[in-house]
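Enquirer: return atomic coordinates for the entry below.
(one chain, ligands or ions: 2)
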Amino acid sequence: MTALNAIRDKVFAGQRLSADDGLTLERDADLFQLGEWANIVRERKNGNIAYYNVNTHLNPTNVCVYRCQFCAYRADLKSPKGYVMSDEQIVERAQQATARGATELHIVGGLHHLKPYEWYLNIVRIIHDACPKLHLKAWTAVEWDWFQRLTKRPVNDLIDEMKSAGLGSLPGGGAEIFDPEVRAVLCEHKADASEWIKIHRAAHQAGLRSNATMLYGSIEKPEHRIDHLMKLRDLQDETGGFQTFIPLAFHPDNTRLAHIPKPSGLMDLRVMAISRLMLDNFAHIKAYWVMLGMKTAQVALSFGADDIDGTVVHENIYHDAGSTSPQELTVAELRRLILEAGRDPIERDTLYNRVVREKPTEKNWQTGRKLSLV
Ligand code: V47
Ligand code: SF4
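Expert: Residues are numbered from 1 along each chain as shown. Ligands and ions are numbered 1, 2, ... in the order given. The predicted model follows:
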């Protein structure tokens, strides 16, 4: 029996794939095999459902002490591009999101040279006080690591404090590629793999859920991607606290790695499918439409993904790096995108509870602009 036939039998039987199987998939499987097998797992776990949510992004500052090679978003302290939002602007953004029916605010940003930990804590507190029903998905592990460095306090203490202030869960950013040699090139000084894992473990132990990501298509090799997925799977075996895995395609524009071409649509689908096959203990795989573009996100719903993220609004990280996706999608557009892909759209909140709306949200979010997908 060939190695690929043995993998197919494991997938059909619902058995776990090994790291070697993952490498075989990376090297030898064709796209349609991968898609067929990933779709079996996707439908076994989530049927025909494709989830979306109504959310908004908030990036309180782009000023950052780090200089990740793949980042087009950051600014130096004195750069004219740098900004810091005021408390008033932050609360206004949260109130606008609430008025438009958002259930989630996704809060991440730079690590500002001069802002103390209390500034970040206060952001969560003032938003929660103003909009107590809005779920606050805040701060990547890289930011939590920075808070530890600033305060010299253990992360579980900081998580408890933010939780009391209104924190709801952690986003999956900052994972990049865990391999130390790749990380040394991409983002030398920031939290390493063991710190990222330690912080997510601490969040799960504090009763919070979190997401996980992987930045692919820059300088990593297939073995680095498989190693990354295996490390996430191990932590999920231990805690069960991850909700969703989000593969993030490298966007080169305006970065220090601008000479590297953007990964192809074929690579996007391969990584999506292999992630679905390897992460057998993750309930959800997200095709983040801002990063993939709407057309690939639709196809990805048949290559392992069961979630396309949300309305988004105010996304900076990918738009600064050359994303040509719209700034936001209306609920009507998200639902149409999912229906066209042959899936059943279900609105979820951050924790994957179904959202049932008694009355429509603000008109333009339901009906939307005309947006051509062809
Ligand atoms: O950590 C930054 C990545 C991440 C680039 O948890 C880039 O639901 C590609 O994590 N090309 C932030 N990737 C975004 C993120 C995220 C997005 C959507 C949903 C969730 C979630 C999390 O974006 C960073 C980094 O890995 N990134 N710049 C770039 N030029
Ligand atoms: Fe800073 Fe995050 Fe950009 Fe790295 S990816 S430079 S930590 S804003």
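Enquirer: when you work out contacts or count neighbours from here on, use the C-alpha atoms and nothing else.
Expert: Will do.
Enquirer: go through the lengthiest helix in the chain and flag the buried ones.
Expert: Longest helix of the chain, by residue count under DSSP state H: helix 222-239. Residues of helix 222-239 classed as buried: 222-230, 232-233, 235-236, 239 (neighbour count, 16 or more other CA atoms under 10 Å).
Enquirer: now swap in stretch 63-75 and tell me
Expert: Across stretch 63-75, burial judged by 16+ other CA under 10 Å covers 63-68, 70-75.
Enquirer: restricted to strands, list those residues.
Expert: Judged by DSSP state E, strands contain none of those.
Enquirer: out of the residues you listed, which are close to ligand 1?
Expert: Counting by CA under 6 Å from any ligand atom, 70-72 from the buried residues of stretch 63-75 sit close to ligand 1.
Enquirer: list the contacts of stretch 221-233.
Expert: Residues from elsewhere that reach stretch 221-233 (CA atoms under 8 Å, 6 or more residues apart in numbering): 19, 22-23, 26-27, 177-179, 212, 214, 216, 275, 278-282.
Enquirer: so which of the residues you listed belong to helices?
Expert: The helices, defined by DSSP H, take in 19, 22-23, 26-27, 275, 278 from the contacts of stretch 221-233.
Enquirer: specify the local secondary structure of the nearest residue to residue 314 once chain neighbours are set aside.
Expert: What sits nearest to residue 314 in space, not counting adjacent residues and going by CA to CA, 6 or more residues apart in numbering, is residue 57, at 5.7 Å. Classification of residue 57 using DSSP: H, G, I helix; E, B strand; the rest coil returns strand.
Enquirer: so residue 57 sits against residue 315, correct?
Expert: Yes: counting by CA atoms under 8 Å, residue 57 does reach residue 315; the two are 6.0 Å apart.
Enquirer: isn't residue 253 right up against residue 321?
Expert: Yes: at 4.7 Å, residue 253 counts as touching residue 321 under the criterion of CA under 8 Å.
Enquirer: same list (the buried residues of helix 222-239) but as TSV, adding distance to ligand 1.
Expert: Below are those laid out as TSV (distance: CA to the nearest ligand atom, whole Å):
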residue	distance to ligand 1
222	17
223	18
224	15
225	13
226	17
227	16
228	13
229	15
230	18
232	14
233	16
235	16
236	15
239	17
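Enquirer: make JSON lines out of these and add distance to residue 45.
Expert: Output for those, formatted as JSON lines (distance: CA to CA, whole Å):
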{"residue": "222", "distance to residue 45": "26"}
{"residue": "223", "distance to residue 45": "26"}
{"residue": "224", "distance to residue 45": "26"}
{"residue": "225", "distance to residue 45": "23"}
{"residue": "226", "distance to residue 45": "21"}
{"residue": "227", "distance to residue 45": "23"}
{"residue": "228", "distance to residue 45": "22"}
{"residue": "229", "distance to residue 45": "18"}
{"residue": "230", "distance to residue 45": "19"}
{"residue": "232", "distance to residue 45": "18"}
{"residue": "233", "distance to residue 45": "16"}
{"residue": "235", "distance to residue 45": "20"}
{"residue": "236", "distance to residue 45": "16"}
{"residue": "239", "distance to residue 45": "19"}
